[in-house]
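**Student:** Can you look at this prediction? I've put the sequence above it.
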Amino acid sequence: MRLLIALLLPWLLFFTIGRIFAGIVCLILQVTVIGWVPAAIWAVYALSQYNMEKRFDELDQTDST
């Protein structure tokens, strides 16, 4: 679901993962038609980084117990 949001409304994805400032910058970039593609690529990249950080946190929690 978040991947679809990243492609259609990239700025909204940043708000859902807690990166408010990046969401505002992405919204400004997305306002231009040419900027939509870089904004979508940036959002997909940020989503993959967010998912990877969550996996590392889960692994870290299971290792410490």
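**Tutor:** On my side now, so go ahead.
**Student:** quick one: the helices in the protein?
**Tutor:** 2-8, 10-16, 20-31, 36-64 (DSSP state H).
**Student:** So which of those is the most surrounded?
**Tutor:** Mean neighbour count (mean count of other Cβ atoms under 10 Å) peaks for helix 10-16 among the helices of the chain, with a mean of 21. The C-beta positions use only the backbone N, C-alpha and C, and glycine is treated the same way.
**Student:** which secondary structure elements does it contact?
**Tutor:** With contacts taken as 3 or more Cβ pairs under 8 Å, 6 or more residues apart in numbering; DSSP states H and E, helix 10-16 sits against helix 2-8, helix 20-31, helix 36-64.
**Student:** out of the ones you listed, nearest to residue 14?
**Tutor:** Of all the helices and strands packed on helix 10-16, it is helix 20-31 that lies closest to residue 14, at 3.3 Å by Cβ to Cβ.
**Student:** just the angle between that closest one and helix 36-64, please?
**Tutor:** Inter-element angle recorded for helix 20-31 and helix 36-64: 160 degrees (by axes from the mean of the first three to the mean of the last three Cα atoms, to 10 degrees).
**Student:** Counting by contacts, list what helix 20-31 packs against.
**Tutor:** Using 3+ Cβ pairs under 8 Å, 6+ apart, helix 20-31 sits against helix 10-16, helix 36-64.
**Student:** Fine by me, we can end here.
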